[in-house]
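Undergrad: heads up, no residue letters with this:
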């Protein structure tokens, strides 16, 4: 009996020892899983799986209105052909909130028509002279404080040039200054405008 009891005890002891090796404790399992997780985290992300970053906001531009610096959104230039003539639209890249009534930012919109269909407007000069001093029913102009104040072109010149390896649109001349909330606008005040706007010419 003593010999049988001894064999039984040895069998139980060996089984317990091998059982511990086959079934590690929760703490050991957790420790062995960490290197695998770290290895998975270290797998490099493919270029086409990189997160897409938002485009960098372009800087605003400064236009002098009667010698006073005014800040405007960056410009957009759209050039197209209409009825055998080249038309260039120079406009501010306004933020989405510009359509709100309480928007107080500045903007501009100038539509320029040339006499011929041009391969490019680089080196071209657009000249405009208003037929009279009356307020025109036109979207063309420079707008201050939202749509509260408007500068309509009177005698204006826009030159498209290449400066320091980049294209620019030079605006210079005089504009008629109006308060859009005036029910019966009086004679407009003439203001001078000068600005250099960086553009991308087609």
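TA: That came through fine. All values reported here derive from a predicted model rather than from experimental measurement.
Undergrad: can we go C-alpha only for contacts and neighbour counts from here?
TA: Will do.
Undergrad: for residue 147, which residues are in contact?
TA: 104, 180 (C-alpha atoms under 8 Å, 6 or more residues apart in numbering).
Undergrad: which SSE is it in?
TA: Per DSSP states H and E, residue 147 falls between elements, in no helix or strand.
Undergrad: where exactly do the strands run in the chain?
TA: Secondary structure of the chain (DSSP state E): strands at 61-65, 68-72, 75-82, 85-92, 107-113, 125-129, 141-144, 149-163, 166-179, 189-199.
Undergrad: so what's residue 198 bridging to?
TA: Per DSSP bridges, the residues bridged to residue 198 are residue 168.
Undergrad: wait, which of the strands of the chain is closest to residue 98?
TA: With C-alpha to C-alpha as the measure, strand 107-113 is the member of these nearest residue 98 (8.9 Å).
Undergrad: let me see the domain layout of the protein.
TA: Annotated domains of the chain cover 2-44, 61-199 [automatic domain parsing].
Undergrad: now, of these, which is deepest in the fold?
TA: domain 61-199 (a mean of 16; mean count of other C-alpha atoms under 10 Å).
Undergrad: dump the domains of the chain into CSV; add mean pLDDT as well.
TA: Shown next, in CSV, are the domains of the chain (pLDDT from 0 to 100):
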stretch, mean pLDDT
domain 2-44, 44
domain 61-199, 92
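Undergrad: picking that back up, columns distance to residue 119 on top of the strands of the chain, output as a markdown table?
TA: Output for the strands of the chain, formatted as a markdown table (distance: least, C-alpha to C-alpha, whole Å):
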| stretch | distance to residue 119 |
| --- | --- |
| strand 61-65 | 27 |
| strand 68-72 | 29 |
| strand 75-82 | 10 |
| strand 85-92 | 9 |
| strand 107-113 | 14 |
| strand 125-129 | 14 |
| strand 141-144 | 26 |
| strand 149-163 | 13 |
| strand 166-179 | 16 |
| strand 189-199 | 17 |
